[in-house]
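Peer 1: Take this sequence and fold it.
(2 chains)
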Amino acid sequence: MEVEKFDAIIVGAGLAGLAAAYTLAQEGLEVLVLERGDYAGAKNVTGGRLYLNPIRDMFPDLWKKAPLERFIAREEVAIVAKERSLTMSYCGEELRQEPYQSYSILRAKFDRWLAKQAERKGAMLVTKSRVDDVIIDNGQVVGVIAGGEELHADVVIACDGVMSLVAEKAGLRKPGNPRDFAVGFKEVIELDPTVIEDRFGLNGNEGAARLYMGEVTKGKFGGGFLYTNKESLSLGIVVGIKDLTEGEQVQAPSLLDDFKQRPEVASLIRGGQTVEYSAHVIPEGGLKALTKLYGNGILVAGDAAGLSMNIGVTVRGMEYAMASGYLAAQAVLKARETGQFNASQLAVYELLLKDSFVMKDFQNFKDAPAALDNPRFFTVYPEMVTTMMSELYAVGAGPKERIYPTLKKHLTIRELWDMLGDLRKVRKI
Amino acid sequence: MSEVMGLKAKLGLDVFKPDTEPHIRIKPGMEKDPRLKKAVLVCPAGLYTLNDAGEVEFTIDGCLECGTCRLACGIEVLEWNYPSGGAGVQFRFG
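Peer 2: Residues are numbered from 1 along each chain as shown, chains lettered A, B, ... in the order given. Here you go, the predicted structure:
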């Protein structure tokens, strides 16, 4: 009996999987995408925003009609201490000029739309289908088992997300070290668009992104985030999993509750209606935590491969997912020319990644995880900076002290020495 | 607005579809294992609790399938899988 065989089976209809499916289907390959959710995006969560510039040309026809939320015209960062905070807001003409650099998005909407585009190119999407195992024949992945059914393909692309059980079953990764991962949890809070625009000083479809660092994670590695969508805010916390299990005992969900109660945040979400609560793990281990990217008959892309990065001012993952899905597809196309899908043919995937912004970013920022994993950024500096601000602005009953000595008393020799040490590490970012 | 919305109420906003069996289980005999206690802190849905006997109890209802417990506690103490296809949380916004 002839076994039905696909050119490629893609596990997971997230951004990596759909980018791969779209690209392969466009070239006429028979592609099957297996998604365990009710629809593409049903299991996916972002903070979040998508940066378009690095991936624009990989999918030239995609962006015009994409259901993006707001283009980010305002970049803000808030340094938060126990009783004070300092917020910096950056506006720039370039942020307001087309093509816009980045957009806030909501994944259930975006992924579902992207899946439609991939289907339109000819990809087959099967939802409500969990992949339980890979089929290995003579050391080669030749398919997957889903819902008790054996499905065969020349190549399997594991795009099943940060926990990638598929890559684990194929022997390409281990369950992972908590040190290399953070957990994010957020609320989507509905607000009238005009209220959003007024509160954040936005015009029309402009959006704002605000990151909070310091007390919001009780000194633990991580931060808070706020993105404006069309008719809602995405408000959440990201915190290192290892840090959560050590030091001061804090229950993760309470961080978000406390965050919402902060005066800086409460006034922004006032009157809003929370409509969803979600959580997701984020790979943050950088270059050294990437999994094996390919094996015999299998490629790994997106979060499944660990392709997500936090360098403090920007937190990125989705464009790495889309680019790695695209490049995995290119690797499959190249391997097809040889008619073989062994690791030696699929190795071209790693070369393509190395040649792209993806691996160049991971190489350039390989020291970021270690440099940022410094409790002083989340405790000492926010307290120091905001205390200085408080003293600068204070006008008491008596005479006001001169500004220079006011600031200088915080910068003791010891403190400057420690700062120099931190700076040395940060210089590597 | 000033009232803090409880976790149960928050999870009540989400769409969950029932599964035939729980996709995560504490491995038998591991209820008092120190590794498991980390789940009480890390679970964003607060599904792990410590009882008076010092055992960790777990309920699957409200699981957001993030995987934090698997990473924090390890697969020696947890049997961990995703829910069956079409079951579990279905994010409408994400």
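
Peer 1: secondary structure element for B:V4?
Peer 2: Counting by DSSP states H and E, there is no helix or strand that carries B:V4.

Peer 1: near chain B, which residues of the stretch 201-350 of chain A show up?
Peer 2: Contacts of the stretch 201-350 of chain A with chain B, taken as C-beta under 8 Å from any C-beta of the partner chain, map to A:232, A:241, A:244-245, A:249-253, A:257, A:260-261, A:266, A:269-272, A:274-281. Glycine gets a C-beta too; all of them are placed from N, C-alpha and C.

Peer 1: And those residues, which of them are buried?
Peer 2: Among those, those scoring as buried are A:232, A:241, A:244-245, A:250-253, A:260, A:269, A:272, A:274, A:276-281 (criterion: 16 or more other C-beta atoms under 10 Å in any protein chain shown).

Peer 1: count of residues packed around residue 38?
Peer 2: By default, I'm working from chain A. 19 (other C-beta atoms under 10 Å in any protein chain shown).

Peer 1: sorry, should have said chain B
Peer 2: 25.

Peer 1: again with the one 4 residues further on
Peer 2: When neighbours are defined as other C-beta under 10 Å, B:V42 has 25 of them.

Peer 1: cool, B:E31 as well?
Peer 2: 17.

Peer 1: residue contacts, the nearest residue to A:F378 once chain neighbours are set aside?
Peer 2: Setting aside the residues directly before and after it, A:F378 is nearest to A:G219 in space (C-beta to C-beta, 6 or more residues apart in numbering or on different chains), at 4.6 Å. By C-beta atoms under 8 Å, 6 or more residues apart in numbering or on different chains, A:G219 lies in contact with A:247-248, A:375, A:378-379.

Peer 1: Any chance of a PyMOL selection covering the buried ones in those?
Peer 2: Provided next is the PyMOL selection string for whichever of the contacts of A:G219 are buried by 16+ other C-beta under 10 Å:
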select buried, chain A and resi 378+379
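
Peer 1: Mind putting the contacts of A:G219 into CSV with distance to B:L7, secondary structure and pLDDT?
Peer 2: Formatted as CSV, those follow (distance: C-beta to C-beta, whole Å; DSSP: H, G, I helix; E, B strand; the rest coil; pLDDT from 0 to 100):
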residue, distance to B:L7, secondary structure, pLDDT
A:G247, 23, coil, 91
A:E248, 20, coil, 92
A:P375, 27, helix, 89
A:F378, 24, helix, 92
A:T379, 27, coil, 92
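
Peer 1: Name the SS class of the residue in the stretch 301-429 of chain A that chain B sits nearest to, please.
Peer 2: Here the stretch 301-429 of chain A gets closest to chain B at one residue, A:D303, 10.6 Å apart by C-beta to the nearest C-beta. Three-state call for A:D303 (DSSP: H, G, I helix; E, B strand; the rest coil): helix.

Peer 1: Ok, the one 10 residues further on next?
Peer 2: The local conformation at A:V313, judged by three-state DSSP, is coil.

Peer 1: Can you tell me, leaving aside adjacent residues, what's nearest to it?
Peer 2: A:V313's closest residue in space is A:V77 (C-beta to C-beta, 6+ apart), at 7.0 Å.

Peer 1: contact partners of stretch A:385-402?
Peer 2: Here stretch A:385-402 makes contact (C-beta under 8 Å, 6+ apart) with A:79-81, A:83-86, A:403, A:406-407, A:410.

Peer 1: Next step: the buried ones among the residues of the stretch 201-350 of chain A next to chain B restricted to strands.
Peer 2: A:232, A:274, A:276-281 (DSSP state E).

Peer 1: As CSV, those with pLDDT would be great.
Peer 2: What follows is those, written out as CSV (pLDDT from 0 to 100):
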residue, pLDDT
A:S232, 98
A:T274, 98
A:E276, 98
A:Y277, 98
A:S278, 98
A:A279, 98
A:H280, 97
A:V281, 97
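
Peer 1: okay, which residue is most central for chain A?
Peer 2: Nearest to the geometric centre of chain A sits A:G317, at 3.5 Å (C-alpha atoms, centre = their mean).

Peer 1: Okay, now the unreliable bits of chain B?
Peer 2: Scanning chain B for pLDDT under 70 picks out the ranges B:1-3.

Peer 1: after the longest helix seen in chain B, next one along is what?
Peer 2: In chain B, ranked by residue count with DSSP state H as the criterion, the top helix is helix B:34-42. Past helix B:34-42, further along toward the C-terminus, the next helix or strand under DSSP H and E is strand B:48-50.

Peer 1: Any part of that next one near chain A?
Peer 2: No: contact of strand B:48-50 with chain A (C-beta under 8 Å from any C-beta) is absent, the minimum separation being 9.9 Å.

Peer 1: Check which element follows that strand along the chain.
Peer 2: Next along from strand B:48-50, by DSSP H and E: strand B:56-58.

Peer 1: What lies in contact with that next one?
Peer 2: Here strand B:56-58 has contacts from B:24-26, B:31-33, B:36-37, B:39-40, B:47-51, using C-beta under 8 Å, 6+ apart.

Peer 1: Just the buried residues out of the residues you listed, in ChimeraX syntax.
Peer 2: Buried residues within these, by 16+ other C-beta under 10 Å, are selected in ChimeraX with:
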select /B:24,26,31,33,36,37,39,40,47,48
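
Peer 1: closest to chain A among the contacts of strand B:56-58?
Peer 2: Closest approach between the contacts of strand B:56-58 and chain A, by C-beta to the nearest C-beta: B:V40, at 7.3 Å.

Peer 1: which residue packs closest to the closest one, ignoring adjacent ones?
Peer 2: B:Y48 (4.7 Å).

Peer 1: Likewise for A:A158?
Peer 2: A:V166 is the one closest to A:A158 (C-beta to C-beta, 6+ apart), at 4.1 Å.

Peer 1: That neighbour: neighbouring residues, count only.
Peer 2: 28.
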